[in-house]
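From the sequence below, what's the structure:
(2 chains)
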Protein chains: 2
Amino acid sequence: MSTFWASTRNMALIVQKYGGTSVGSIDHIRAVAEKIIQTREQGHEVVVVVSAMAGETDRLVQLAHALSRMPNPREFDVLLSTGEQVTIALLSLALLDRGCPARSYTGAQVHIRTDSAHNKARILGIVDSKIRMDLSMGKVVVVAGFQGTDEMGNITTLGRGGSDTTAVALAAALKADECQIYTDIDGVYTADPKVVADACRMSQVTIEEMLEMASNGAKVMQSRAVEFAGKYNVPVRVLSTFEEGAGTLITVDEQNMQHPVVSGVAFNRDEAKLVIQGVPDSPGVAASVLKPLSEAHIEVDMIVQTVAKEGTTDLAFNVHKRDFKLAFSILENISEDLGAQCIIKDEHVAKLSLVGVGMRSHAGIASQMFQTLGREGINIQLISTSEIKISVIIDEKCLELGVRALHDAFQLGTVEQETVESCSS
Amino acid sequence: MSTFWASTRNMALIVQKYGGTSVGSIDHIRAVAEKIIQTREQGHEVVVVVSAMAGETDRLVQLAHALSRMPNPREFDVLLSTGEQVTIALLSLALLDRGCPARSYTGAQVHIRTDSAHNKARILGIVDSKIRMDLSMGKVVVVAGFQGTDEMGNITTLGRGGSDTTAVALAAALKADECQIYTDIDGVYTADPKVVADACRMSQVTIEEMLEMASNGAKVMQSRAVEFAGKYNVPVRVLSTFEEGAGTLITVDEQNMQHPVVSGVAFNRDEAKLVIQGVPDSPGVAASVLKPLSEAHIEVDMIVQTVAKEGTTDLAFNVHKRDFKLAFSILENISEDLGAQCIIKDEHVAKLSLVGVGMRSHAGIASQMFQTLGREGINIQLISTSEIKISVIIDEKCLELGVRALHDAFQLGTVEQETVESCSS
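You can find the predicted model right below:
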């Protein structure tokens, strides 16, 4: 049964988002319709956001690539947006067939206004009048995720995971009581349960923690959607479509939470490290290295500059594996001008992060982390910290060992913590 | 090579419509893109209207029927309209990939405004400003056929063959020089070449003749599209996507045509006949029979009332085969009230028609037609005539014999006629 967990009030406005796997077949669409009807029968108003049926976007991408190696971004969006349009129609048909009043809208129809950055547009605003009118008439409103239109009326899409952003943006516009993200996992875990057998589902996590986890490899929700939730103060809950449970509430409200010092361990295997060594040190060296990378749209993550021998400096950083080759060739091009001695590259690294808002008020977490990794013989290659996160780059062979060691050392697998609800294994 | 046939001017505005078979695969879409580029290279401005890829609409219909036996009409339209949206994107990608500037629009984006009759909406107007601007910038404009939006912004579809209507409506709005309907046959024939071996393609046919032929079973173009062409004086040309040739020009302009008395033979197998016999004759009998049929949305075609025995009347008419059972049960229901003696039904009939604007000024065509059929031993069951058409209902077993006999008797297979261009076989 789909229950509204966050509030004890009788009636609430809930935005529910169902991803591609959740609506991946006719049977799944029927099951989603049942879930929605149950929520409605509890007296709640429901707005639903859906993705394209699993596999549909890939099918459309293949059609486009059969015609063009570099599909025109505007026309690519016209094509891709049909995937969600099919789902809104089918889900509405399923709801109506069960006697539940429902009405579908494309992004254009509810004026999900975006900028014109095709394939990765940002939502600028939503006109909610049609949705409010339908809700007041007792209808379930089904909105196509992932899509909008720009000022000129061109169809745009929001990029991977864009339906999450649509759901959070709609929840913000409608001042919904909760935005529920239904997916194939039942919440946010202290670590990936595939790696750590006793990883625990957290009942709550702060938006800041969620952001750090998302950008450090925990693929529960798109970062942009989490940012949006933080900016507009939208309570988001991550739940499983296929299992019962309260999921994980992602909240801005830290007051009502019992914080463990460390909330979770995140990791990312898609990392590669580059070091440019022995550059004669002068002001602006870092900028000379980073500017051509940024111009090539390569995102540079952790950056460490160290003074090596007298008068020279080493600059180390990591990039996404897909950008590795391009970044390396850019460094080769500029290394002579910079007078660098050599470039060291390493594709076999991974990033390991400890996340927790409790770190703000606790000293010594970093040293405990480094000791733990040291005891396991894991060498730390780069370090980067924020107020609520410590990340290290290590040899990818040691990643799973490191994740388990940290999960143990910070007792994330114990159920004593109040925000941890259920444990895997 | 795709040539503009109707005009010798250097530059013309041409609307081209490609049906589902013409865009049924990636290879076909590439071939259509080539045809469009050739037209453009001749100096013409091109607006293209496309249908869904062959098979796509059926796939979507199956998905809908898997969820609902009677799909909600509004949501059904949201679903079906994605088919054409996929095609406009793919065709635009193909054009752009070949360096041809192109831009796609859904029905909603160019404000193809319709009434709210979902699944069979009628076009009320089109806003052509975006299209004109794109044309002035040298772009090919690709518009989704079959779809529009109503006053409230709901997506509507125009029903079977609706893309033809979209093309003609766009040609009317843009005052295009010609509307070219590309299909898998290369024009309008004096009779179905599958039935009559020496059937000839006509170089021209009037809109009136085309209307009679369409409503009498010649499935080249949707009647509504032909009506639209007549109303707004749009020259339409029917051509083959896959073969070269000038096709058939459908025109309002009779002046420049050499008219044969009879232009063609049309037929329709989807007919069924009903006779209600021995109804006591009183004013309003026909209305009492036809009103309940019309209330059940059954279209009654040829109606013949005859005085049978003294004081009673027989009423005979034909309906589409799909409406036959319902029509029969309605007649059964009312026959007692009317005091009718019996109802005769016959599902094994067909309609055979002679069409030609030349009939207006020629007497004796009907008698020649009846004599021809009589010579072949074909019994005529019902007769209906208009200024430019004579239709008869006959036994469906005799249909092909009748078609060939009439085609011969009126010498439609001879190439002497000036409007006949190429002969099959």
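
count of neighbours near A:Ser384?
By other C-beta atoms under 10 Å in any protein chain shown, 17 other residues sit near A:Ser384. C-beta: built from backbone N, CA, C; applies to glycine.

Contact partners for it?
By C-beta atoms under 8 Å, 6 or more residues apart in numbering or on different chains, the contact list for A:Ser384 reads A:301-304, A:390-392.

which residues of the stretch 1-150 of chain A fall in strands?
A:13-18, A:45-50, A:102-105, A:113-114, A:123-125, A:140-144, A:147-149 (DSSP state E, counting those that start in this stretch).

Nearest to chain B, out of those strands?
Distance to chain B, taken as C-beta to the nearest C-beta, is lowest for strand A:102-105 among those, at 5.4 Å.

Give me the buried positions along stretch A:63-75.
Across stretch A:63-75, burial judged by 16 or more other C-beta atoms under 10 Å in any protein chain shown covers A:63-64, A:66-68, A:71-72, A:74-75.

Which single residue of the stretch 251-400 of chain A ends up nearest chain B?
Nearest residue of the stretch 251-400 of chain A to chain B: A:His297, at 22.3 Å (C-beta to the nearest C-beta).

before we move on, the earlier item: JSON lines please, covering the contacts of A:Ser384 and showing pLDDT and neighbour count.
Below are the contacts of A:Ser384 laid out as JSON lines (pLDDT from 0 to 100; neighbours: other C-beta atoms under 10 Å in any protein chain shown):
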{"residue": "A:Asp301", "pLDDT": "86", "neighbour count": "18"}
{"residue": "A:Met302", "pLDDT": "87", "neighbour count": "19"}
{"residue": "A:Ile303", "pLDDT": "86", "neighbour count": "14"}
{"residue": "A:Val304", "pLDDT": "85", "neighbour count": "15"}
{"residue": "A:Ile390", "pLDDT": "92", "neighbour count": "22"}
{"residue": "A:Ser391", "pLDDT": "92", "neighbour count": "24"}
{"residue": "A:Val392", "pLDDT": "93", "neighbour count": "25"}
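
which of those residues are close to chain B?
When C-beta under 8 Å from any C-beta of the partner chain is applied, no member of these is adjacent to chain B.

which pair in those spans the largest distance?
A:Ile303 and A:Ile390 (15.7 Å; C-beta to C-beta).

Check the buried residues of stretch A:63-75 and tell me the two furthest apart.
Maximum distance among these (C-beta to C-beta): 18.4 Å, for A:Ala66 and A:Arg74.

Quick check: closest non-adjacent residue to A:Val319.
Closest residue in space to A:Val319, ignoring its immediate chain neighbours: A:Ala327 at 5.0 Å, by C-beta to C-beta, 6 or more residues apart in numbering or on different chains.

Would you verify that the one you found is located in a strand?
No: read with DSSP: H, G, I helix; E, B strand; the rest coil, A:Ala327 is helix and lies in no strand.

Count the neighbours of it for me.
A:Ala327, neighbours per other C-beta under 10 Å, totals 22.

quick one: it and A:Ile298 touch, right?
Yes: with contact defined as C-beta atoms under 8 Å, A:Ala327 and A:Ile298 form a contacting pair (5.2 Å).

intersection of neighbour lists for the two?
Here A:Ala327 and A:Ile298 have A:Val319 as joint contacts, going by C-beta under 8 Å, 6+ apart.

Mind naming the longest strand for chain A?
Looking across chain A with DSSP state E, the single longest strand is strand A:264-280.

got the angle for the next helix or strand after that strand vs strand A:264-280?
Next along the chain after strand A:264-280, taking DSSP states H and E as the criterion, comes helix A:285-295. Calculated by axes from the mean of the first three to the mean of the last three C-alpha atoms, to 10 degrees, helix A:285-295 forms an angle of 120 degrees with strand A:264-280.

mean confidence for helix A:285-295?
Average pLDDT, helix A:285-295: 88.

which residues are contacting it?
Contacts of helix A:285-295 with the rest of the structure, by C-beta under 8 Å, 6+ apart, involve A:276, A:279, A:300, A:303, A:305, A:313, A:315, A:319, A:327, A:330-331, A:333-334, A:337-338.

In that helix, which residues are buried?
Buried residues in helix A:285-295, counted by 16+ other C-beta under 10 Å: A:285, A:289, A:293.

Likewise for stretch A:49-60?
Neighbour counts over stretch A:49-60 (16+ other C-beta under 10 Å) mark A:49-54, A:56-57, A:60 as buried.

and the residues you listed, which of them are in helices?
Judged by DSSP state H, the subset of the buried residues of stretch A:49-60 located in helices is A:56-57, A:60.

Using TSV, lay out those together with pLDDT and distance to B:His44.
Shown next, in TSV, are those (pLDDT from 0 to 100; distance: C-beta to C-beta, whole Å):
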residue	pLDDT	distance to B:His44
A:Glu56	96	37
A:Thr57	94	36
A:Leu60	97	31
